[in-house]
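# quick one: sequence and predicted model below, then my questions.
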Amino acid sequence: MAQQHVKKRVFISAAEPSGDLHCAGLITSIRRTGRNIEFVGVGGRRMQAAGCQLLEVTTDRAAMIYNAFWQVWHYIKLIRKIARFMQNNKVDLVVVCDSPAFNFHIAKVAKKAGIKTLFYVAPQLWAWAPWRIRKLRKYCDKLACILPFEEQWFRDRGVNTQFVGNPLLDELTVSPSANEKNYADFNPDEARIALMPGSRKAEIEKLWLPMQQIAMKIKEKWPGVEFTTVAVDEKKKAVLEEKQVSEFVCEYRIGSVLKTATEVDFTILASGSATLQVAAAACPMVIIYRISRIMWYLVGRPLVRMRFLSLVNILADTQLVPEFMPYFGSTDSIVDTCIKLLDDKQKLRETSRGLAELVTPLAEGKASQKVEQMVMEMLA
């Protein structure tokens, strides 16, 4: 029997909607090769639709920081379930995607079972908790990183790493420079603004009401402003609609971050990977992240080692876009910053150009195809 017809089994682990999306793209890319590979794992509906048998849907439980503590027992049981699967079934490769707090445990299980593991999306050890590099070296056979500077950082620390580009930009059909916005005839009273409160339940609970409050204050100054809100799926859209303030009016779209950011003039969004899609659309933005003051000073500030916290500004190594990370409740300074930007056509144009230039290296290759090649090499 030819080697290409020998059936292989790949176990894939994703815990959040972004990981589900990345892994679905990877599965689709691999299936196009015609290789006889079975996919099984934990993740979301996109992975399932792409052809992965799920032991459990994990993406609905995605949580931020301390909210995850309440789900510890559930994840302990899930890790044990995955361990039993790997003990009782032949698995040729494990792919863990992002979510290191969960996926380090899956990699440990794979190591104990003697299975090679590919980490897809590097844990941000360069930003906080760098001592975990020892754990990564121990459990990771290969690392696919999605930020350019990460390849050398991890290689210097003994991890077999390859930069693959950003999978969120795989859908780009044109260069980011083609998305640059001119703003020559821009009128803030006719602005189209996108609101992107994130995909996690905790993000929505903390950011959706403040975002609406910010939007309504902008509209007080410019009544002609129109708002579009992006939800990751129909379920999250229903949550947003349920929590919508009666005086606030907006259009809803499902999972169209890049397309929406290309079509609007300005975006207000939660910190996270979506900021890179907005950057690829060359859309000026304000990034926000809310946490309690106590949790920030007890847990966040002592661990964070970066001058900036948003991916866009980390990559730029300067404050290319305003970031309020964290803010503790009052939105006044955020509103003032948004209004000041919307009233400055020159600044908007410069920011749009800067974002396009920044993200171009991330969009040069197709991440899913490069990770597919890494998977094939590890299965050979």
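Nice, I can see it.
# what segments of the stretch 201-350 of the chain are strands?
Along the stretch 201-350 of the chain, the stretches classed as strands by DSSP state E, counting those that start in this stretch are 226-231, 251-254, 266-270, 285-290, 323-327.
# give me whichever of those is most buried.
Across the strands of the stretch 201-350 of the chain, averaging neighbours per residue (mean count of other C-beta atoms under 10 Å) puts strand 266-270 on top, at a mean of 25. Yep, even glycine has a C-beta here, placed from its N, CA and C like the rest.
# chain center to that strand: distance?
14 Å (C-alpha atoms, centre = their mean, to the nearest Å).
# pull up the pairing partners for that strand, direction included.
Paired neighbours of strand 266-270 in the sheet (DSSP bridges): strand 192-196 (parallel), strand 285-290 (parallel).
# distance to Asn36 for the strands of the stretch 201-350 of the chain - can I get that in a markdown table?
Conversion of the strands of the stretch 201-350 of the chain to a markdown table gives the following (distance: least, C-beta to C-beta, whole Å):
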| stretch | distance to Asn36 |
| --- | --- |
| strand 226-231 | 37 |
| strand 251-254 | 34 |
| strand 266-270 | 40 |
| strand 285-290 | 44 |
| strand 323-327 | 46 |
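# closest one to Cys23 among the ones you listed?
Checking the strands of the stretch 201-350 of the chain against Cys23 by C-beta to C-beta gives strand 251-254 as the closest, at 19.4 Å.
# who wins for proximity to Asn182 among the strands of the stretch 201-350 of the chain?
Go through these one by one with C-beta to C-beta and the one that ends up closest to Asn182 is strand 266-270, at 13.9 Å.
# tell me what angle the closest one forms with strand 226-231.
Using axes from the mean of the first three to the mean of the last three C-alpha atoms, to 10 degrees, one finds that strand 266-270 and strand 226-231 are set 30 degrees apart in direction.
# what does strand 266-270 contact?
Residues lying outside strand 266-270 but in contact with it, judged by C-beta atoms under 8 Å, 6 or more residues apart in numbering, are 191-198, 203, 207, 211, 214-215, 261, 275, 278, 283-289, 334, 338, 341-342, 348.
# got the CA coordinates for stretch 118-135 in CSV?
Taking C-alpha atoms only, stretch 118-135 is exported to CSV below (Å, rounded to 0.1, in the frame of the first residue of the first chain):
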residue,chain,number,x,y,z
LEU,A,118,2.5,20.9,17.1
PHE,A,119,1.7,24.1,18.8
TYR,A,120,-0.3,26.3,16.4
VAL,A,121,-0.1,30.0,17.7
ALA,A,122,2.7,30.7,20.1
PRO,A,123,1.8,31.4,23.8
GLN,A,124,2.8,35.0,24.4
LEU,A,125,5.6,34.2,26.8
TRP,A,126,7.5,37.3,25.5
ALA,A,127,4.8,39.4,27.1
TRP,A,128,4.2,37.6,30.4
ALA,A,129,5.2,34.4,32.3
PRO,A,130,8.4,33.8,30.4
TRP,A,131,9.4,31.1,32.8
ARG,A,132,6.9,28.8,31.1
ILE,A,133,9.4,28.5,28.2
ARG,A,134,10.7,25.4,30.0
LYS,A,135,7.3,23.8,29.8
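# kind regards, and thank you for your time.
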